[in-house]
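Trainee: Just a sequence and a predicted model for now, questions to come.
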2 protein chains.
Amino acid sequence: KHGQVDMAHGAGGRAMAQLIEELFAKHLGNEYLAQGDDGALLPAPGAGRLVMATDSHVVSPLFFPGGDIGCLSVHGTINDVAVMGAKPLYLSAGFILEEGFKLADLARIVQSMAAAAKEAGVPVVTGDTKVVERGKGDGVFITTTGVGIVASGDELSGRAAQPGDVILVSGTLGDHGMAIMAERESLGFESPIVSDTAALHGLIAAMRASGAEIHVLRDPTRGGLATTLNEIAQQSGVGMMLQEKALPVKPAVSAACEFLGLDPLYVANEGKLVAICAARDADTLLSAMRAHPLGAAAAIIGSVKADPHHFVQMTTGFGGKRIVDWLSGEQLPRIC
Amino acid sequence: KHGQVDMAHGAGGRAMAQLIEELFAKHLGNEYLAQGDDGALLPAPGAGRLVMATDSHVVSPLFFPGGDIGCLSVHGTINDVAVMGAKPLYLSAGFILEEGFKLADLARIVQSMAAAAKEAGVPVVTGDTKVVERGKGDGVFITTTGVGIVASGDELSGRAAQPGDVILVSGTLGDHGMAIMAERESLGFESPIVSDTAALHGLIAAMRASGAEIHVLRDPTRGGLATTLNEIAQQSGVGMMLQEKALPVKPAVSAACEFLGLDPLYVANEGKLVAICAARDADTLLSAMRAHPLGAAAAIIGSVKADPHHFVQMTTGFGGKRIVDWLSGEQLPRIC
Ligand SMILES: Nc1ncnc2c1ncn2[C@@H]1O[C@H](COP(=O)(O)OP(=O)(O)OP(=O)(O)O)[C@@H](O)[C@H]1O
Ligand SMILES: Nc1ncnc2c1ncn2[C@@H]1O[C@H](COP(=O)(O)OP(=O)(O)OP(=O)(O)O)[C@@H](O)[C@H]1O
Ligand SMILES: [Mg+2]
Ligand SMILES: [Mg+2]
Ligand SMILES: [Mg+2]
Ligand SMILES: [Mg+2]
Ligand SMILES: [Mg+2]
Ligand SMILES: [Mg+2]
């Protein structure tokens, strides 16, 4: 009706069935989703342990340079499964739609999801559709859950960083968060800052194939690199020392951060990872990362230290030292 | 701060970590959630095929007689996994919180989730927390995803109903939807209508242990029994004939439906299932259902017919016949 989501689309009857068939199943379509049962019946996953990760996505605006909530919700969950060391196999997607949301925008979002899922080789096998009244939502929220499988011995966790290990990032910092902020604040840059949103499981496979002894992988999303490293430091019971000069940040991101009073270390990424590996393998790993399109700007940024306080510190450009704390406050809400 | 959700609780920093630790992990706590990585590393699931199901929950009001959004979000997803014939193993939970939501209410909801998960033996192993500004959400939305495993040959689908099969329901119809509606409309009944929200995997295990040849199971949620049977009729390419007199409906639900101009056949249930089985096993199955607390009011309500139109029909109390169509329109939005 009028090309908009209405309450009937969430009521469980004909209108919902039609929306699922003509929009969701049409674009996301695959043999599992086509079963049309209460859930998806999937193949036996093979030997190994299961990995499960979930993220609700509430990014605002829904469309931004480099992506939209659709592809973001596919990438984000694939990345959380992949950094556990697992091969992502299947996704589910729950949609919470606001009454009045344009069906054309929804179609764009679902097409973007479908394209991202296809490119990643990880199908959306089951879903759900709810509708809330105008003013009780914000266009669309998407919750994706991913399931993967990891062979015994290939599991990764944030608990395995060891003093002496080397810390790498796969590329420039802050691109996603600043793309969202620039869009929201209508900063009129000549060329827009583009989100880095991407699925990292291919890069990770290449990194593991290098033979480097990887101890930890994590995607520095909300809270940025600073918060992610503090989490790992705490989980592993170690400290870290970063080199400010080594941190890759695009000039445009750097400029936008300065303009808004933000620190790129705390700004979210959606297509980057932190890797912590045995020191002797750092160069091997760096080469493997740089050889992959999503790791072309990879860099060694610091190392793991013994530290009973589990501090993350940084040697600044001027040769000083400062503590890089957790994000506190609400710096950048609704960036994913 | 002030006992309310604020934007910082979703920003990825210290405030979020504290909320997760002191509220979510505290109540939902289990060895998998305690890993604190990007996802949960789970045991190998054993032989069999995976089943995955997801539901976003947006029920309004959040608290209602017989339950709340917390236990509902556990039950609903367990049921979707269980009606596929699978054993539910793990749940994920994504929370979308509205700024200003009372932390005390959130705690009640999470405690209810935790109790439901514990009773069901299906832990919440990973989660996510997002916060949206006041007026961009509605208190809390919860998306749960369930993973289960089903042994080869035990899978069920809506495609297996056959002419001659018998149709059963596990209890009274419309309790959940009318509990929500009565609460919303402030119908001042002497004793409130209580939601039937419950996890059905125990009942299903008992039904399967009876040895009856079960062809289809499904939980008649949004759209009610009428819509669920139409879905199955369409999937299986059959028709159905129901006996109106045989449909179990509580007098209070019946009265409330009449008052509001609703038909209990279209009102949602959250702790009931439809079973379709081989005719010769119907009595065996009925006995097994009645022997379980969640199936005490089970009843045989009709049978499957050959019908090229895939109509669901009903012989009425007066001996007439009418077509029971899909739900059309928005009869009861936001009941789950
Ligand atoms: N947005 C969506 N994208 C893809 N598939 C969807 C979507 N919404 C629903 N589906 C699929 O449609 C079918 C019916 O979904 P539905 O939510 O009605 O089932 P249910 O969870 O059993 O019912 P309820 O949500 O009322 O509990 C399922 O196979 C589901 O995977
Ligand atoms: N509401 C919640 N209930 C239970 N566990 C939660 C909840 N929210 C987050 N967690 C757990 O806290 C940890 C950190 O979650 P977080 O969402 O920060 O990770 P992430 O998904 O990698 O980051 P992002 O959401 O920014 O992409 C994970 O182990 C997650 O399972
Ligand atoms: Mg169902
Ligand atoms: Mg994530
Ligand atoms: Mg559903
Ligand atoms: Mg992550
Ligand atoms: Mg359901
Ligand atoms: Mg998350």
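Mentor: Structure received. Ligands and ions are numbered 1, 2, ... in the order given.

Trainee: May I have the secondary structure class of the residue of the stretch 201-336 of chain A found nearest ligand 5?
Mentor: Residue of the stretch 201-336 of chain A nearest ligand 5, by Cβ to the ion: A:C336 (23.6 Å). (C-beta placed from N, C-alpha, C; glycine too.) Secondary structure, DSSP: H, G, I helix; E, B strand; the rest coil: A:C336 is coil.

Trainee: Identify the bridge partners of A:A53.
Mentor: Per DSSP bridges, residues listed as beta-bridge partners of A:A53: A:G146.

Trainee: ok, it touching A:A82?
Mentor: No: assessed by Cβ atoms under 8 Å, A:A53 is found out of contact with A:A82, at 9.2 Å.

Trainee: For chain A, which residues score under the pLDDT cut-off?
Mentor: Within chain A, the stretches with pLDDT under 70 are A:1, A:188-189, A:330.

Trainee: Is the helix or strand harbouring A:K26 positioned near ligand 1?
Mentor: Under the criterion of DSSP states H and E, A:K26 resides in helix A:25-28. Yes: judged by Cβ under 6 Å from any ligand atom, helix A:25-28 and ligand 1 are in contact via A:25, A:28.

Trainee: Is that helix in proximity to chain B?
Mentor: No: judged by Cβ under 8 Å from any Cβ of the partner chain, helix A:25-28 stays clear of chain B, getting no closer than 12.9 Å.

Trainee: burial of the one residue in chain A that gets nearest to ligand 8, as a residue count?
Mentor: At 4.3 Å from ligand 8, A:D55 is the closest residue in chain A, using Cβ to the ion. Neighbour count of A:D55, defined by other Cβ atoms under 10 Å in any protein chain shown: 30.

Trainee: next one: A:D37
Mentor: A:D37 has 25 nearby residues by other Cβ under 10 Å.

Trainee: Okay, buried residues for the helix or strand harbouring A:A116 please.
Mentor: Secondary structure assignment for A:A116, by DSSP H and E: helix A:103-120. Under the neighbour-count criterion of 16 or more other Cβ atoms under 10 Å in any protein chain shown, helix A:103-120 has A:103, A:105-114, A:116-117, A:120 buried.

Trainee: in chain A, which spans are helices?
Mentor: In chain A, the helices defined using DSSP state H lie at A:14-19, A:25-28, A:69-82, A:103-120, A:175-184, A:201-209, A:224-236, A:251-260, A:282-290.

Trainee: Show me the residue at the heart of chain A, geometrically.
Mentor: Centroid-nearest residue in chain A, with Cα atoms, centre = their mean: A:G76, separated by 3.2 Å.

Trainee: Hmm, A:S56 and that residue touching each other?
Mentor: No: A:G76 is beyond contact range of A:S56, at 9.7 Å (criterion: Cβ under 8 Å).

Trainee: Now do the contacts for A:Q162.
Mentor: A:215, A:236, A:238, A:278, A:304 (Cβ atoms under 8 Å, 6 or more residues apart in numbering or on different chains).

Trainee: Quantify the burial of the residue of the stretch 51-200 of chain A found nearest ligand 7 by counting its neighbouring residues.
Mentor: Nearest residue of the stretch 51-200 of chain A to ligand 7: A:D128, at 6.9 Å (Cβ to the ion). Around A:D128 there are 25 other residues, counting by other Cβ under 10 Å.

Trainee: How about the residues of chain A by ligand 5?
Mentor: Contact residues (Cβ under 5 Å from the ion) of chain A with ligand 5: A:D128.

Trainee: Can you give the domain ranges for chain A?
Mentor: With domains defined by automatic domain parsing, chain A comprises A:7-150, A:166-323.

Trainee: Save the ones you listed as a markdown table, and put in distance to B:L265 too.
Mentor: Shown next, in a markdown table, are the domains of chain A (distance: least, Cβ to Cβ, whole Å):
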| stretch | distance to B:L265 |
| --- | --- |
| domain A:7-150 | 12 |
| domain A:166-323 | 44 |
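
Trainee: With respect to burial, which of these scores highest?
Mentor: Greatest average neighbour count among the domains of chain A goes to domain A:7-150 (a mean of 23), per mean count of other Cβ atoms under 10 Å in any protein chain shown.

Trainee: could you check whether stretch A:42-56 is close to ligand 2?
Mentor: Yes: using Cβ under 6 Å from any ligand atom, stretch A:42-56 reaches ligand 2 at A:D55.

Trainee: What is the end-to-end distance of that stretch?
Mentor: End-to-end distance for stretch A:42-56: 23 Å, by Cα to Cα, to the nearest Å.

Trainee: does it come close to ligand 4?
Mentor: Yes: using Cβ under 5 Å from the ion, stretch A:42-56 reaches ligand 4 at A:D55.

Trainee: Please apply the same query to stretch A:222-237.
Mentor: No: figure legend: stretch A:222-237 not in contact with ligand 4 (Cβ under 5 Å from the ion); closest approach 7.8 Å.

Trainee: how far does that stretch sit from the chain's center?
Mentor: Chain-centre distance of stretch A:222-237: 15 Å, with Cα atoms, centre = their mean, to the nearest Å.

Trainee: Using CSV, write down the CA coordinates of that stretch.
Mentor: What follows is stretch A:222-237, C-alpha atoms only, in CSV (Å, rounded to 0.1, in the frame of the first residue of the first chain):
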residue,chain,number,x,y,z
ARG,A,222,32.7,0.2,18.5
GLY,A,223,35.2,1.9,20.7
GLY,A,224,37.8,1.7,18.0
LEU,A,225,41.3,0.2,18.1
ALA,A,226,42.0,1.7,21.6
THR,A,227,39.0,-0.1,23.2
THR,A,228,39.7,-3.4,21.4
LEU,A,229,43.3,-3.5,22.5
ASN,A,230,42.3,-2.8,26.1
GLU,A,231,39.8,-5.6,26.0
ILE,A,232,42.5,-8.0,24.7
ALA,A,233,45.1,-6.7,27.2
GLN,A,234,42.6,-7.4,30.0
GLN,A,235,41.6,-10.8,28.7
SER,A,236,45.2,-11.9,28.2
GLY,A,237,46.6,-10.2,31.4
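
Trainee: Next, count neighbours for the nearest residue to A:H215 once chain neighbours are set aside.
Mentor: Leaving out its chain neighbours, the residue that sits closest to A:H215 by Cβ to Cβ, 6 or more residues apart in numbering or on different chains is A:A160, at 4.3 Å. Residues near A:A160, counting by other Cβ under 10 Å, number 15.

Trainee: For A:A160, give me phi and psi.
Mentor: Phi and psi for A:A160, reported as degrees, to the nearest 10, are phi -110, psi 10.

Trainee: which residues does it contact?
Mentor: With contact set as Cβ under 8 Å, 6+ apart, A:A160 has these partners: A:215-216, A:236, A:276.
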